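Enquirer: Below are the sequence and a predicted model for it; my questions follow.
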Amino acid sequence: MQRLYPQLILDALKNVRYPASGKDIVSAGMVEDDIRIDGNKVSFSLIFDRPTDPFIKSLVRAAESAISTYISPEVEIKGNIAVKTRTQAPQPAPKPLAQVKNIIGVSSGKGGVGKSTVASNLAVALAREGYKVGLLDADIFGPSMPKMFGVEDAELYMHEVDGRQLIIPHEKFGVKLLSIGFLVDRNAPVLWRGSMASNALKQLIGEADWGELDYFVIDMPPGTSDIHLTLVQTLGITGVVIVTTPQQVALADARKGIAMFTGEKVNVPILGLVENMAWFTPAKHPDERYYIFGHEGGVALAKELGVKLLAQIPLVADVCEDGDAGTPIALKDSVMGHEFLHLAHEVVDVVDERNRMLPPTAKVDVTKK
């Protein structure tokens, strides 16, 4: 292995680019002048503008890879890169999602009821109807939106807006999309404590360039957790759509979810209930219905709790297949595509009704663009 010296390290690091600016990290002044060499062991510091920069971990890995690739894999570098933050005067944080008119949470009492499928197709259906739509995948421990939108390999970039470096959401099918799945290894579990998950979500909400939106759809984690409290405390949520299946176990958990949102600590309106997988209809026999998970359990729960039944979505294989293929079925002019368009219309109507009941200063005006 060749002799190591500081300039050799800097030359290797010039091959690493910071996504927000496109500059290499040496030219961008992100490598501190503290390169230390002890035999084949190298250590130095990377400087970021703020401790919440979303590219910290990926740049540390890229720096390690650059030294191994352009100098030698024998260089001992892993774990020897320190991360520092520039000293800056604190800036007042702007109100999150200030240009968003309506924030819609999509939640479920338990996993496996198709909550993410409903959230993704609702967002696409709203976009098809001409609304400006954003979608946040807040399901920290099971982010699925990157796959459902066919953007699993997408990378995040940043740009400057009014003096702030903001994450640029991906845009596909007319929907602006961000997911925690863009920041983690999709093949590894997300082993984060509640505070880490909450901070990551706050960053995707408050440090992203969402722009003007008519509807901001949030795919919430299943169950009841501190993530829900973080979202409620961070945002002025217009209301929540609860997704369940007709199965009694799912209905019991949906009831708990509704109780959480309507309780004093959270106090968020329930826009309505979606009964997903309401029945199975074979593709070759569209007039037949088989109630695999129970018969109209969601209908009964909505009536019991006095919430609106927004839709009954049948179990159809195409929904799953299109989601796995990265093309939500709401894009299609098919029976199932129109089911989700109907859901979008119902959500728009109930939001409009809620806004009419608010004081004049709290109302929002949402019109098709």
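Expert: Structure received.

Enquirer: excluding its backbone neighbours, what's nearest A154?
Expert: Excluding the flanking residues, the one nearest A154 by CB to CB, 6 or more residues apart in numbering is H170, at 5.4 Å. Using the backbone N, CA and C atoms, a C-beta is placed for each residue, glycine as well.

Enquirer: I'd like to know how many residues surround that neighbour.
Expert: 20 (other CB atoms under 10 Å).

Enquirer: May I ask you to confirm that it is in contact with L178?
Expert: Yes - using CB atoms under 8 Å, H170 is in contact with L178, at 7.2 Å.

Enquirer: List the buried residues of stretch 19-27.
Expert: P19, A20, S21, D24, I25, V26 (16 or more other CB atoms under 10 Å).

Enquirer: Please name the residues that touch the closest residue to D49 other than its chain neighbours.
Expert: Excluding the flanking residues, the one nearest D49 by CB to CB, 6+ apart is R86, at 5.4 Å. Taking CB atoms under 8 Å, 6 or more residues apart in numbering, we find R86 in contact with I47, F48, D49, R50.

Enquirer: JSON lines please, covering the buried residues of stretch 19-27 and showing secondary structure and distance to K101.
Expert: Below are the buried residues of stretch 19-27 laid out as JSON lines (DSSP: H, G, I helix; E, B strand; the rest coil; distance: CB to CB, whole Å):
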{"residue": "P19", "secondary structure": "coil", "distance to K101": "30"}
{"residue": "A20", "secondary structure": "coil", "distance to K101": "28"}
{"residue": "S21", "secondary structure": "coil", "distance to K101": "32"}
{"residue": "D24", "secondary structure": "strand", "distance to K101": "41"}
{"residue": "I25", "secondary structure": "coil", "distance to K101": "39"}
{"residue": "V26", "secondary structure": "coil", "distance to K101": "44"}
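
Enquirer: So which of the residues you listed sits lowest on pLDDT?
Expert: Lowest pLDDT within the buried residues of stretch 19-27 is found at A20 (81).

Enquirer: I figured that one was touching M158, is that so?
Expert: Yes - contact criterion CB under 8 Å: A20 and M158 qualify, at 3.5 Å.
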